[in-house]
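**Student:** Compute the structure for the input listed below.
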Amino acid sequence: MRKLLHKRILIPLLAFTIFFSGTAFKSDFFEIAKQIEIFTTLFKELNMNYVDETNPGDLMDTAIKSMLADLDPYTNYYNEQDVEASRINNAGDYTGIGANVLTLKDKLVIVEPYKDYAADKAGLKAGDEIIKVDNVVVADFKDDAGNLLQGAAGTSVNVTYIRQGKTETATIQREAVDIHAVPHYSMVNDNIGYIVLRKFNEKTSSETISALRALKNQGAEKLILDLRGNPGGLLREAVNVTNIFVPKNQLVVTTKSKVKKYNKTYYTSKEPIDTEIPLVVLIDGASASASEIVSGALQDLDRAVVVGARSFGKGLVQRPKRLTYGTQMKITISRYYTPSGRCIQALDYWNRDENGNATRVKQENYNAFKTKKGRTVYDGGGVQPDLELDATKLSTITKAIINENLIFKYATAYYYKNSITDLENFSLTDSDFSDFKNFLNANNFNFETQTEKAFANALVVAKEEQLNNEINSDYSDLISALDRYKSKAIDDNKSQLLSLLSDEIVKRYFYREGLYTYYVANNFEIQKGVEILKNPSNYLSYLD
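**Tutor:** Next comes the predicted model:
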């Protein structure tokens with residue numbers, strides 16, 4: 001019944017939203033009005049006559065989410081709490097316990113306590129599983145349990161949590177938390193500076209400018225800008241960050257929409273800080289949205305050498321729309337295009353496959369564009385680095401291990417078994433890697449490849465056609481070969497897995513601040529950036 005309801009109210013609810021959005025109706029005004037009337041009649045009759053008690057709010061919430069799920073993952077409905085959370089994210093500060101917290105169905109997991117903030121001062125560690133907040137059991141809380149930790153600065157919250165199988169309690173005094181867009185900057189050597197850009201909020205460009213000026217005062221003549229793992233944020237701040245390195249009145253990004261008023265061109269509007277400093281930009285598969293505007297624009301303008309792995313590929317632009325009762329809707333209104341004219345959107349949410357999944361733009365369908373100096377770049381699949389590093393691109397098996405949270409869980413186990421006080425000489429050994437493989441086995445890690453899925457489907461068909469007796473032996477041989485491949489794949493990805501494990505473990509002992517210090521000394525991508533910048537002719541060869 002509930003699934004049927006989703007389908008019945010999907011179209012009229014969409015029409016309802018469009019009717020009140022303030023955009024043009026074109027020629028379908030009658031159809032919109034018709035669907036709104038159908039929906040309101042259905043909703044009224046359902047709530048009045050259904051055999052059991054219904055909750056109108058829950059029904060509407062389900063209807064909205066089901067409708068938006070058919071579009072793209074960035075078009076979302078925000079209740080009042082969500083609106084406030086979004087404001088906090090863009091502002092770069094909030095009041096709470098000072099930790100990155102993962103909300104699961106029955107617990108809140110501390111992913112990262114921020115150094116010297118409330119959770120850290122109360123003794124909470126990464127991996128702690130909060131099961132109760134004051135008198136509220138997380139498993140019994142229907143809404144986002146993470147909201148239970150928020151509150152006014154100076155107020156206290158009592159938490160009950162599980163650490164390494166033991167139940168413990170702590171009292172945390174909430175406080176204002178300032179999340180820096182630039183959490184780290186330092187000198188890599190005598191003349192190369194390094195800036196980490198974590199997100200694009202209202203402080204991003206100002207913090208980046210301050211970091212650059214500080215580094216130049218320390219002798220920086222060349223720069224590495226790290227956008228790895230940066231999920232994006234405010235578009236205007238992406239333009240402002242680009243403006244630091246390129247002249248005033250330079251086109252950075254264009255947005256195109258079916259609604260003409262959303263067609264915008266964004267130019268740099270300020271005098272730059274430095275248009276000459278040699279620049280390397282690091283990106284990876286988690287660099288998205290505003291990060292791709294910056295890296296894509298600097299690449300198109302031949303202003304930086306981009307290094308790492310192909311970026312996420314989010315070329316869609318959202319705009320918030322206020323609704324009634326303090327709620328909002330964030331709607332995908334346009335696509336953005338870099339200065340060369342390319343859109344780097346990787347997934348097609350409007351032409352899905354037979355399973356309803358978004359399809360990825362195929363490489364043979366990429367279109368070629370030219371940078372300012374005439375270099376060829378492509379659209380369709382994220383920003384492709386000028387120097388693509390295999391070590392930066394996550395392998396299939398690494399992604400599977402990450403998705404099951406096993407890197408994080410192993411780091412937690414490692415932390416409670418080992419003591420590390422010397423960051424400079426820290427490194428994982430072959431023995432540690434063997435221990436990690438045993439950990440994977442103990443946690444029943446076994447990912448299913450696409451090939452296995454295809455073989456399993458083929459076996460089902462074979463059984464229907466009564467051919468399974470003929471192919472059972474061959475099928476078993478194929479599965480055994482795949483199992484051997486998966487075991488070997490872990491060893492083949494040893495360097496990548498050890499790097500990820502090292503990063504997570506370093507954070508446990510030395511916080512994020514220590515991680516960046518460790519990066520500067522040991523990170524492969526940073527070392528590649530230094531290698532490029534040390535050789536001026538090599539640097540220029542990427543840009544000509």
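
**Student:** ok, and for the longest strand along the chain, which residues are buried?
**Tutor:** Using DSSP state E, we find that the single longest strand of the chain is strand 328-337. Using 16 or more other CB atoms under 10 Å as the test for burial, strand 328-337 gives 328, 329, 330, 331, 332, 333, 334, 336, 337. For glycine as for every other residue, the C-beta is placed from the backbone atoms N, C-alpha and C.

**Student:** distance of the fourth one from residue 81?
**Tutor:** Relative to residue 81, residue 331 is positioned 19 Å away (CB to CB, to the nearest Å).

**Student:** re earlier: let's see the longest strand of the chain as CSV, backbone CA atoms only.
**Tutor:** Extracted in CSV, the C-alpha atoms of strand 328-337 (Å, rounded to 0.1, in the frame of the first residue of the first chain):
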residue,chain,number,x,y,z
GLN,A,328,13.3,25.1,2.0
MET,A,329,14.0,23.2,-1.2
LYS,A,330,17.3,23.1,-2.9
ILE,A,331,16.7,22.7,-6.6
THR,A,332,19.1,21.9,-9.4
ILE,A,333,18.5,24.8,-11.7
SER,A,334,21.4,24.8,-14.2
ARG,A,335,24.7,23.3,-15.3
TYR,A,336,28.0,25.1,-15.0
TYR,A,337,30.6,25.4,-17.7
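
**Student:** Quick one: mean pLDDT for that strand?
**Tutor:** Averaged over strand 328-337, pLDDT sits at 92.

**Student:** same deal with stretch 442-462?
**Tutor:** Stretch 442-462 shows a mean pLDDT of 72.

**Student:** And stretch 161-171, by the same measure?
**Tutor:** Averaged over stretch 161-171, pLDDT sits at 97.

**Student:** now it, how far from the chain's geometric center?
**Tutor:** Put simply, stretch 161-171 sits 29 Å off its chain's centre (CA atoms, centre = their mean, to the nearest Å).

**Student:** For it, which outside residues touch it?
**Tutor:** For stretch 161-171, the external contacting residues (CB atoms under 8 Å, 6 or more residues apart in numbering) are 107, 110, 122-125, 127-131, 156-160, 416.

**Student:** just stretch 252-270 next, same as before
**Tutor:** Residues contacting stretch 252-270 (CB under 8 Å, 6+ apart): 23-24, 235-236, 238-240, 242-243, 246-251, 293, 297, 317, 319, 333-339, 341.

**Student:** could you give the mean pLDDT of that stretch?
**Tutor:** 94.

**Student:** and it, which residues are buried?
**Tutor:** So stretch 252-270, judged by 16+ other CB under 10 Å, has buried residues 252, 253, 254, 255, 256, 257, 266, 268.

**Student:** again, but for stretch 205-223
**Tutor:** Here stretch 205-223 shows 205, 207, 208, 209, 211, 212, 215, 220, 222, 223 as buried, counting by 16+ other CB under 10 Å.

**Student:** Pull that stretch out as PDB, backbone CA atoms only.
**Tutor:** Below are the C-alpha coordinates for stretch 205-223, written out as PDB (Å, rounded to 0.1, in the frame of the first residue of the first chain):
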ATOM      1  CA  SER A 205      38.800  33.100  -0.200                       C
ATOM      2  CA  SER A 206      39.800  35.300   2.700                       C
ATOM      3  CA  GLU A 207      41.500  32.400   4.500                       C
ATOM      4  CA  THR A 208      43.300  31.400   1.300                       C
ATOM      5  CA  ILE A 209      44.500  34.900   0.800                       C
ATOM      6  CA  SER A 210      45.800  35.100   4.400                       C
ATOM      7  CA  ALA A 211      47.600  31.800   4.000                       C
ATOM      8  CA  LEU A 212      49.200  32.800   0.700                       C
ATOM      9  CA  ARG A 213      50.400  36.100   2.100                       C
ATOM     10  CA  ALA A 214      51.800  34.400   5.200                       C
ATOM     11  CA  LEU A 215      53.700  31.800   3.000                       C
ATOM     12  CA  LYS A 216      55.100  34.400   0.700                       C
ATOM     13  CA  ASN A 217      56.400  36.200   3.800                       C
ATOM     14  CA  GLN A 218      58.100  32.900   4.700                       C
ATOM     15  CA  GLY A 219      59.800  32.700   1.300                       C
ATOM     16  CA  ALA A 220      57.200  30.900  -0.900                       C
ATOM     17  CA  GLU A 221      57.900  31.400  -4.600                       C
ATOM     18  CA  LYS A 222      55.800  28.500  -5.700                       C
ATOM     19  CA  LEU A 223      52.600  26.900  -4.400                       C
END
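
**Student:** so where do the helices sit in the stretch 101-250 of the chain?
**Tutor:** Listed in chain order, the helices of the stretch 101-250 of the chain (DSSP state H, counting those that start in this stretch) span 118-121, 204-217, 235-243.

**Student:** Looking at those helices, which is nearest to residue 309?
**Tutor:** With CB to CB as the measure, helix 235-243 is the member of those nearest residue 309 (19.7 Å).

**Student:** distance of residue 274 from residue 297?
**Tutor:** Distance from residue 274 to residue 297, by CB to CB: 16 Å.

**Student:** ok, those two, which is more surrounded?
**Tutor:** A side-by-side neighbour count of residue 274 and residue 297, using other CB atoms under 10 Å, places residue 297 first with 28 against 15.

**Student:** any idea how far residue 133 is from that one?
**Tutor:** In terms of CB to CB, residue 297 sits 43 Å off from residue 133.

**Student:** do the same with residue 120
**Tutor:** According to CB to CB, residue 120 and residue 133 sit 18 Å apart.

**Student:** which element follows the helix or strand residue 482 falls within toward the C-terminus?
**Tutor:** According to DSSP states H and E, residue 482 maps onto helix 468-492. Next along the chain after helix 468-492, taking DSSP H and E as the criterion, comes helix 494-522.

**Student:** circling back to that earlier point, would you turn the helices of the stretch 101-250 of the chain into a markdown table with mean pLDDT and distance to residue 175?
**Tutor:** Formatted as a markdown table, the helices of the stretch 101-250 of the chain follow (pLDDT from 0 to 100; distance: least, CB to CB, whole Å):
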| stretch | mean pLDDT | distance to residue 175 |
| --- | --- | --- |
| helix 118-121 | 97 | 5 |
| helix 204-217 | 98 | 21 |
| helix 235-243 | 97 | 26 |
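
**Student:** Go through those and name the closest to residue 352.
**Tutor:** Of all the helices of the stretch 101-250 of the chain, it is helix 235-243 that lies closest to residue 352, at 26.8 Å by CB to CB.

**Student:** who touches that closest one?
**Tutor:** Against helix 235-243 from outside (CB under 8 Å, 6+ apart): 197, 200-202, 204-205, 208, 232, 250, 252-253, 266-270, 272, 289-291, 293-294, 297-298, 317, 336.

**Student:** what comes into contact with the longest strand of the chain?
**Tutor:** 17, 21, 71-72, 74-78, 82-83, 86, 235, 253-257, 259, 262-264, 293, 315-323, 343, 345.

**Student:** From these, keep the buried residues only.
**Tutor:** For the contacts of strand 328-337, buried by 16+ other CB under 10 Å: 17, 72, 75-78, 82-83, 235, 253-257, 293, 315-318, 321, 323, 343, 345.

**Student:** Which members of those residues occur in helices, if any?
**Tutor:** Members of the buried ones among the contacts of strand 328-337 lying in helices (criterion: DSSP state H): 17, 82, 83, 235, 293.

**Student:** Specify which member of these is nearest to residue 427.
**Tutor:** So of these, ranked by how close each gets to residue 427 (CB to CB), first place is residue 293, at 36.3 Å.

**Student:** Name the nearest residue to that closest one, ignoring sequence neighbours.
**Tutor:** residue 238 (4.0 Å; CB to CB, 6 or more residues apart in numbering).
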